[in-house]
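K.L.:
predicted structure and sequence below. I'll ask about it afterward.
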Amino acid sequence: MVGTLQRNLRVFWVDLWKFFMVPLGLFLAHDLYPVRKWAQGQKKVIRLDDLVTDYYKEKSRLIERESKRAKAKKSYNSDEDDDTSKETAFFETIDKCQQQIKEISSEDEISYWGMQVFGNQKTPPSLTFPKLRSCEILNSFMNNEVNSSVELCAEKGEAFLEGLIVNGWLSRLVSICGHVEISIAMWTFNLMLYSSKEELRTSACDFWCSILSKTEVDLPFAKIDWFPCYSDLKSALEVYGFLPNFSSNTELLKTDSDTGGPPQNIRAWLKFMAVYCQARNKHSIFSTSEAEELIEVVICLFLDRQLQGLSILFYECMLSVISCFTEKEWHCSCEKVAKSLACRVPQDLNCLRIVECISGVNTRSKCLRSAVAFQILVNCFDNKVTDAEEILKFLISINVKDRSCDLFRMYIYLVLTENWLYFNPLLEDKPVINEMWGLYLRNCSCQITNTDLRTYASKVRNKASYLLQATVKG
């Protein structure tokens, strides 16, 4: 009886346990109480140990995933660190190379040509000319019947003459009259050099160029009462700010700034001078020494980088001044001008600029170019060598392979010697000079290697090689 009751209680508790635990899917795994098998199509009951197993499996998968992510991140960081280290090493190498290049060839050693030829401008003279009211052209017009309708008075005479010169009628009246009064000549000259109105200064320049270019056939009865002298032209340059003693401004040369400089009247000054020098043989305008000084002034204008746009005017003016000398004057004047220019110009790229600007195919231009190059060479050697053979012997004796050799100076010597020899016809028939010149070129082209990183090493080598080929072909 008691045993039956105990078995019934035991079954009751088991059924009660199943009643509460089946919905939750929880069972006790025990051999005495096997789990009921579900028919096909029914949902499988998940046991507690299955949940625990799945939990640990999921946890192990998460741990494995995090481990893989950590390894991938570590590998990425390692690659990034490698790239960073390579980049750092690359830039360090570049810095090292730049430092070595600076030690071999410093940027401060790079030269620029150019001089500040013009400084601050001065106050120009007054353009008011009271004597103009009494000139014959103006009085003849006021006394003419036509003036009854125009009603021109002496006070308005200057404005009337300005209209005549702008329209070109003044030069026609002068051609008809065959006479240029002193008041008209001085007034138009001042307009040309000092007027701020482009129309007036251009017309005045055209007026002077017209009357100066007239030949005796064109204007047989021409009479000019007044000619400007050299001091008048020199005073105009001083007003423009011309500096007799040039100054080198490094910042100005690098930036090509518009600091200082002459006014626009410098164009009229150059055009007038080019025509004026052609009349020197017909009129007593200026002396030989003044003409020599004028050549120096015009050639030195080539050094101002701000005036490169006027190079054609400089060139035409230079040729005109050179041609105004007689044959007897030119032989001595050429040497004087060359010596003076060699003393005024510094021994850097500016001296090469001066020599190269003396261009032209005529004999006088070539003679002056050769003479200037020779005198600068002599000054470079402190006048210790003055003979052609002595100069070439000195150049040949220079050891260009020596690291202490100044190749910039060698480049200056090379270009100067080229211009001195090639433009001097007297040296063509001297074989000794030609042989020494060829030996000097071979030294410069063969003894300087392609790997030489010194300043101007490549320029000296390439220049010498080019000249050597031309010499061999010649």
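P.N.:
Done, it's in.

K.L.:
remind me which residues of the stretch 251-400 of the chain are low pLDDT?
P.N.:
Where the stretch 251-400 of the chain drops to pLDDT under 70, the residues are 251-260, 280-284.

K.L.:
all helices for it, in order.
P.N.:
When assigned using DSSP state H, counting those that start in this stretch, the helices of the stretch 251-400 of the chain occupy the ranges 265-278, 288-300, 311-323, 327-344, 349-357, 363-380, 388-396.

K.L.:
tell me which of those lies nearest to residue 120.
P.N.:
When these are ranked by distance to residue 120, counting by Cβ to Cβ, first place goes to helix 265-278 at 14.8 Å. C-beta coordinates here come from the backbone N, C-alpha and C atoms, glycine included.

K.L.:
if we can go back for a sec, can you put the helices of the stretch 251-400 of the chain in a markdown table and add distance to residue 456?
P.N.:
Listed next are the helices of the stretch 251-400 of the chain as a markdown table, based on distance: least, Cβ to Cβ, whole Å:
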| stretch | distance to residue 456 |
| --- | --- |
| helix 265-278 | 34 |
| helix 288-300 | 25 |
| helix 311-323 | 26 |
| helix 327-344 | 22 |
| helix 349-357 | 11 |
| helix 363-380 | 15 |
| helix 388-396 | 15 |
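
K.L.:
can you put those in CSV and add distance to residue 87 and mean neighbour count?
P.N.:
Supplementary listing: the helices of the stretch 251-400 of the chain in CSV, determined by distance: least, Cβ to Cβ, whole Å; neighbours: other Cβ atoms under 10 Å:
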stretch, distance to residue 87, mean neighbour count
helix 265-278, 56, 21
helix 288-300, 53, 19
helix 311-323, 49, 19
helix 327-344, 54, 16
helix 349-357, 40, 20
helix 363-380, 49, 22
helix 388-396, 49, 17
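
K.L.:
of all those, which lies closest to residue 93?
P.N.:
helix 349-357 (33.9 Å).

K.L.:
only C-alpha atoms, please: export that closest one in PDB.
P.N.:
Backbone C-alpha positions of helix 349-357 (Å, rounded to 0.1, in the frame of the first residue of the first chain) are rendered in PDB as follows:
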ATOM      1  CA  LEU A 349      78.000  88.400 -66.300                       C
ATOM      2  CA  ASN A 350      77.500  92.100 -66.900                       C
ATOM      3  CA  CYS A 351      80.800  92.300 -68.800                       C
ATOM      4  CA  LEU A 352      79.600  89.500 -71.100                       C
ATOM      5  CA  ARG A 353      76.300  91.300 -71.600                       C
ATOM      6  CA  ILE A 354      78.200  94.400 -72.700                       C
ATOM      7  CA  VAL A 355      80.300  92.500 -75.200                       C
ATOM      8  CA  GLU A 356      77.400  90.500 -76.700                       C
ATOM      9  CA  CYS A 357      75.300  93.700 -77.100                       C
END
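
K.L.:
got the contact list for that helix?
P.N.:
Outside helix 349-357, the residues within contact range by Cβ atoms under 8 Å, 6 or more residues apart in numbering are 111-115, 248, 299-300, 302-303, 311, 314-315, 318, 341-342, 345, 369, 372-373, 376, 412, 415-416, 419.

K.L.:
what's the span of stretch 186-204 from first residue to last?
P.N.:
11 Å (Cα to Cα, to the nearest Å).

K.L.:
name the residues of it that are buried.
P.N.:
By 16 or more other Cβ atoms under 10 Å, the buried positions in stretch 186-204 come out as 186-195, 200-204.

K.L.:
for the residues you listed, which one is nearest residue 389?
P.N.:
Checking these one by one against residue 389 (Cβ to Cβ), the nearest turns out to be residue 193, at 49.1 Å.

K.L.:
got the contact list for the closest one?
P.N.:
201, 236, 265, 268-269.

K.L.:
pLDDT score assigned to it?
P.N.:
With respect to pLDDT, residue 193 has a value of 96.

K.L.:
name the helix or strand for it, please.
P.N.:
Take DSSP states H and E as the rule and residue 193 turns out to sit in helix 182-194.

K.L.:
state the mean pLDDT of the strand or helix carrying residue 175.
P.N.:
Assessed by DSSP H and E, residue 175 sits inside helix 169-177. Averaged across helix 169-177, the pLDDT comes to 85.

K.L.:
report all helices and strands that it contacts.
P.N.:
Contacts defined by 3 or more Cβ pairs under 8 Å, 6 or more residues apart in numbering; DSSP states H and E place helix 169-177 against helix 136-142, helix 157-167, helix 182-194, helix 198-212.

K.L.:
please save the CA atoms from the shortest one in CSV.
P.N.:
This file holds the C-alpha atoms of helix 136-142, laid out as CSV (Å, rounded to 0.1, in the frame of the first residue of the first chain):
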residue,chain,number,x,y,z
GLU,A,136,58.1,134.8,-87.2
ILE,A,137,55.7,132.0,-88.0
LEU,A,138,53.2,133.1,-85.4
ASN,A,139,53.5,136.8,-86.2
SER,A,140,53.0,136.1,-89.9
PHE,A,141,49.9,134.2,-89.3
MET,A,142,48.4,136.9,-86.9
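
K.L.:
dump the helices and strands packed on helix 169-177 to CSV, plus distance to residue 430.
P.N.:
Converted to CSV, the helices and strands packed on helix 169-177 look like this (distance: least, Cβ to Cβ, whole Å):
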stretch, distance to residue 430
helix 136-142, 62
helix 157-167, 57
helix 182-194, 48
helix 198-212, 44
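
K.L.:
what's the closest of the ones you listed to residue 397?
P.N.:
Per Cβ to Cβ, nearest to residue 397 of the helices and strands packed on helix 169-177: helix 182-194, 52.5 Å.

K.L.:
neighbours of residue 382, how many?
P.N.:
Here the count is done by other Cβ atoms under 10 Å, and residue 382 has 7 residues near it.

K.L.:
report the separation between it and residue 347.
P.N.:
As for residue 382, its distance to residue 347 is 11 Å (criterion: Cβ to Cβ, to the nearest Å).

K.L.:
now for residue 234, how many residues are close by?
P.N.:
The burial count for residue 234: 17, using other Cβ under 10 Å.

K.L.:
what's the helix or strand for it?
P.N.:
Assignment of secondary structure by DSSP H and E places residue 234 within helix 230-240.
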